[in-house]
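[1] Provided below for reference: sequence and predicted model.
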Amino acid sequence: MSSLLTVQDLCVRFVSRRKTVSQPLRGVNLNLGRGEILGIVGETGCGKTLTGLAILGALSANARVSGQICYEGQELTSLDEQTRAKLRGTSLALIPQNPAAALDPVHTIGTQLQLLARRHLDRRHSAAVDLIDSELAAVGLTDPERVRRSYPHELSGGMLQRVVIAAALLARPRLVVADEPTTALDVTIERQILNLIRDRQHQLGVSVVLVTHDIGVVESTCDKVAVLYAGRTVEQGLVADVLSHPSHPYTRGLLAALPRKKHGDGPLTAIPGSVPVDTMRLKGCAFADRCGSVRPDCTEGEPPNTSVGPGHTVECRYPEQA
Amino acid sequence: MTATMSRLDTDGNVVELRGVTKRFSRRRVAVTAVDSVDLTIPSNITFGLIGESGSGKSTLARCLLRLHDVDAGSIFLEGDDITHLRRARLRRVRRRMQLVFQDPYAALNPRMTIEDSVAEPLTELMGIRGRALHAKVRRAIDEVGLAVHHLARYPHELSGGQCQRVGIARALAAEPALVVLDEPTSALDVSVQAQILNLLNTLQRERRLTYLLITHDLDVVRYMANVIGVMYRGRLIETNTAEAIFTEPRQAYTQTLVGTTP
């Protein structure tokens, strides 16, 4: 399958007013084909959301980006802000984490969706209404007219999540970044929303970058996965390969920490310690201080990127062989 | 133990709810959030309460903790009828039941140091002060896996997992019989969730605690709970051992619920 999006050695630095430098992204690599869902997984603070924002070009003004973000053969990082703004909403779209916060509480859903239709599709009122209604129906909202007339507070969390999915897909983007789209929902609704994203993705042939901290969501929803740790891609490949033969100790740790045990089965396997906050001072492998199979030379120089199977790469000096 | 409370022989059960009902009315429309719930929690077990958002899990827990007044029914804590206790007597009962919150940052006062946060229930509920207080806070913080240097910090300086450890230390400081855990790990990463769940299990073993665990994470409840109750539209529709709920659910709603693990 041809690539829609290739991210190579993406780094993001922030320089504060006091000239202190932080570098939350230090080498993110991603590869996403047309019509695929790629899961980006890792703990809080690993750079998942920032990677999504960097793809959309929605980072704050003091961010310094290096590396390549190649979308349909076009290098996005070298484009000016005006061109990137044009891509957002039309070719690239975001499904936000918290729909209640993403929608404006003082305008109806209809008003907000019409604003999008006018801005991105140049549709006038009546044509836009039909389009909006069909999109709301397509995301499983059975009474589009009532939804359009509603204010965000009048709808449930699951319905709002459907509304922002409809909003993201309105202009038929080719790439959607979904940032933790189900974190705020309960299990039954979570399942429905993930199925909906997958169904619409399939129907429209859109590609999705799904940011999540839940490796279970990756397992059930994604085609490919990239595991991020301390701002680097430490393992990536097809979900079937990576989750059945995890090579990086961090990926193995995330899988082992899942409470997939019965009552009385003994303690869970936690990953000791926490994600490094200051990535500027790291020497060698960033995971070394939490790794159960660390060896003395792991802290000397960056770990090599090794291929452990077709399309399955891992950044570890001593990867677990499949 | 305080006298003058009516007592019931509950066979060592920590919690006994009988016909607990709670209604809310909004614009003259009454909603029965909790509808005639009977529930028994034996000592030293984890009772898991599951159900979708709005099913009444949290309202039931708030009734039990006497944060809501019930409209009907009785609440017994270790045999004492606490349904209608007021003021000083209610305060005395509070230390025997404590709550661990879902959002560990929101649950801590951002302007209080960790030391003051952990000391607060000891002073307020148990009247401990001075050197004894100092020692107790240190022991509490040590038990939840934090170090003395964390005591001078503020919540924003700690990670989510560390804040939840503080929340647990606060809840356990007053030596309660019952701890209500309201989605205690849903704001945490799986790696940290594993640490917190292990900690809760260790503390339960060491201190013979009774937990009421409210969650919508089915993996978590299956791992943690001995007994599970399923709530649906305010009613407790099914109660059984954790394994039976997952392997032979009786009610149709339970069957759809346990069939949906992502």
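    It's in.
[2] how about the residue positioned nearest the centre of chain A, secondary structure?
    Centrality entry for chain A: nearest residue to the mean C-alpha point is A:Val211, 2.5 Å, by C-alpha atoms, centre = their mean. Remark: A:Val211 carries the secondary structure label strand [criterion: DSSP: H, G, I helix; E, B strand; the rest coil].
[3] what does the helix or strand containing B:Ser191 contact?
    Counting by DSSP states H and E, the secondary-structure element that holds B:Ser191 is helix B:190-207. By C-beta atoms under 8 Å, 6 or more residues apart in numbering or on different chains, the residues outside helix B:190-207 that reach it are A:43, A:213-215, A:253-254, A:257-259, A:267-271, A:274, B:44, B:46, B:143-145, B:159-161, B:164-165, B:168, B:172, B:175, B:181, B:184-185, B:188, B:209, B:211, B:220, B:223-224. All C-beta spots, glycine's among them, are computed from the backbone N, C-alpha and C.
[4] tell me how far it lies from the chain's centre.
    14 Å (C-alpha atoms, centre = their mean, to the nearest Å).
[5] buried residues in that helix, which are they?
    For helix B:190-207, the buried set under the neighbour-count rule, 16 or more other C-beta atoms under 10 Å in any protein chain shown, comprises B:190-201, B:203-204.
[6] give the PyMOL command for selecting the buried subset of the contacts of helix B:190-207.
    Below is the selection syntax for PyMOL that covers the buried ones among the contacts of helix B:190-207, with 16+ other C-beta under 10 Å defining burial:
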select buried, (chain A and resi 43+213+214+215+253+254+257+258+259+268+269+270+271+274) or (chain B and resi 44+46+143+144+145+159+160+161+164+165+168+172+181+184+185+188+209+211+220+223+224)
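[7] so which of the contacts of helix B:190-207 sit within helices?
    Filtering the contacts of helix B:190-207 for membership in helices, criterion DSSP state H, returns A:215, A:253-254, B:143, B:160-161, B:164-165, B:168, B:172, B:220, B:223-224.
[8] now those residues as CSV including pLDDT and distance to B:Thr59?
    Shown next, in CSV, are the ones in helices among the contacts of helix B:190-207 (pLDDT from 0 to 100; distance: C-beta to C-beta, whole Å):
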residue, pLDDT, distance to B:Thr59
A:Ile215, 91, 32
A:Gly253, 94, 37
A:Leu254, 94, 35
B:Glu143, 91, 31
B:Gly160, 89, 26
B:Gly161, 90, 28
B:Gln164, 94, 23
B:Arg165, 94, 27
B:Ile168, 96, 23
B:Leu172, 93, 24
B:Val220, 95, 21
B:Tyr223, 95, 25
B:Met224, 96, 21
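[9] quick one: which of these is nearest A:Leu25?
    For those, the closest approach to A:Leu25 (C-beta to C-beta) belongs to A:Leu254, at 19.2 Å.
[10] what sits against that closest one?
    If a contact means C-beta under 8 Å, 6+ apart, then A:Leu254 has A:41-43, A:215, A:227, A:271, B:190-191 as its contacts.
[11] just the residues you listed now: which is nearest A:Leu59?
    When those are compared for distance to A:Leu59 (C-beta to C-beta), A:Gly42 comes out closest, at 18.3 Å.
[12] and for residue 182, the neighbour number?
    Defaulting to chain A. Other residues near A:Thr182 come to 25 when the count uses other C-beta atoms under 10 Å in any protein chain shown.
[13] that answer is for a different chain, and I need it for chain B
    Other residues near B:Asp182 number 21, with proximity taken as other C-beta under 10 Å.
[14] repeat that for B:Arg233.
    The tally of other residues near B:Arg233 (other C-beta under 10 Å) stands at 14.
[15] how close does the residue nearest the centre of chain B get to A:Thr44?
    The structure's chain B has its C-alpha centroid closest to B:Val180; by C-alpha atoms, centre = their mean the separation is 0.5 Å. When C-beta to C-beta, to the nearest Å is applied, the distance between B:Val180 and A:Thr44 equals 25 Å.
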